[in-house]
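J.: fold the following.
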Amino acid sequence: MQLSLRLSAIADLVTEGNRLVDVGCDHGYLPVYLIQQKKIPSAIAMDVRKGPLSRAQEHIRQYGLEEYIQTRLSDGLKGLKAGEGDTLVIAGMGGPLMERILTDGRSVRNSFSELILQPQSDIPHFRRFIQSEGWKITEEKMVEEDGKFYPMMRVVPGACLKPNVDSFTKNTAEKAASSEKLHADEWAEMPGNPVAYTLEEAFGKYLLQERNPVLYRYLQRESRIRAQILEQLEAAPKAEAVTARILEVKEEAQLIAAALAKYEG
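T.: Below is the predicted model of the structure:
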């Protein structure tokens, strides 16, 4: 079976020999591929919808893997018991939904040795959530497929320091808006970071450390988008909402510039 670039990257993060649980399994491609590759001994494929689960069951039968892959209709982790898997994969969902699944199923979640997670939205907040839950990000990947960017992470149990979440201050905002460019480390360490997220939360510690080329393309694109938005906003009739949005976009642009600075030198 040939996986998409996104699913292939997720498969690479799974530890060999682990029993897999795939929440939101869709077509069931990931567990089928991993069994075929003999990377995992067994899997449980779960989905909240009957349609995707039915398609997964068809693919499992097609490859004769019913003995190795169970399917379960389940809302998040509700259909699973603690200890039934080693690696939990949740991918292709919005960050808030994934947070709900991991929070509601905390007792089951904590029985896993690793989580492979690929949130589609609210990613900085999701990274902060993972750390606040006592899990540690140990590896990150990012792929670009069909014009979309997909960051993903492997996390394991482990105490983490709480990030600096000091509230935004007016002075800091004015400094960010007036400064042409801040050094990446200076930005990350600024008290009251204007967007309330560190560089690592916003873009990924390991992606930044390795100067990931896909992240670089993403940052370049986001920088261009912010410049276009600012140009449109500054040409619009001035109103309180427009002024507030201009400041917000400038803050975002500064954080992006700080991340891009990691690629220099």
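
J.: C-alpha only now, for contacts and for neighbours.
T.: OK.

J.: okay, now residue 254: neighbour count?
T.: By the criterion of other Cα atoms under 10 Å, residue 254 has 25 neighbours.

J.: mind jotting down where the helices sit in the stretch 1-150 of the chain?
T.: For the stretch 1-150 of the chain, applying DSSP state H, counting those that start in this stretch gives helices covering 5-13, 29-36, 50-62, 95-104, 106-109, 123-132.

J.: just say which of those is most tucked in.
T.: Highest mean neighbour count of the helices of the stretch 1-150 of the chain: helix 29-36, a mean of 21 (counted as mean count of other Cα atoms under 10 Å).

J.: tell me the mean pLDDT over it?
T.: For helix 29-36, mean pLDDT is 98.

J.: that helix packs against which elements?
T.: helix 5-13, strand 20-23, strand 43-47, helix 50-62 (3 or more Cα pairs under 8 Å, 6 or more residues apart in numbering; DSSP states H and E).

J.: I'd like to know which elements the third one is packed against.
T.: Counting by 3+ Cα pairs under 8 Å, 6+ apart, the packing neighbours recorded for strand 43-47 are strand 20-23, helix 29-36, helix 50-62, strand 69-73.

J.: how about the longest one?
T.: Judged by 3+ Cα pairs under 8 Å, 6+ apart, helix 50-62 is in contact with helix 29-36, strand 43-47, strand 69-73.

J.: ok, residues contacting the first one?
T.: Residues outside helix 29-36 that contact it (Cα atoms under 8 Å, 6 or more residues apart in numbering) are 1-3, 7, 11, 20, 22, 40-45, 56, 59-60, 63, 65, 68-69.

J.: same question for the last one.
T.: Contacting residues not belonging to strand 69-73 are listed as 31-32, 42-50, 53, 56-57, 60, 79 [Cα under 8 Å, 6+ apart].

J.: which residues touch residue 95?
T.: Contacts of residue 95 by Cα under 8 Å, 6+ apart are 119, 120, 121, 122, 123, 125, 126.

J.: go again using 6 Å as the cut-off
T.: Contacts of residue 95 were listed using Cα atoms under 6 Å, 6 or more residues apart in numbering, and they are 119, 121, 122, 126.

J.: repeat for residue 245
T.: Residue 245 neighbours (Cα under 6 Å, 6+ apart): none.

J.: for it, give its distance to residue 254.
T.: 14 Å (Cα to Cα, to the nearest Å).

J.: and for residue 205?
T.: 18 Å.

J.: equivalent analysis for residue 141, please.
T.: 24 Å.
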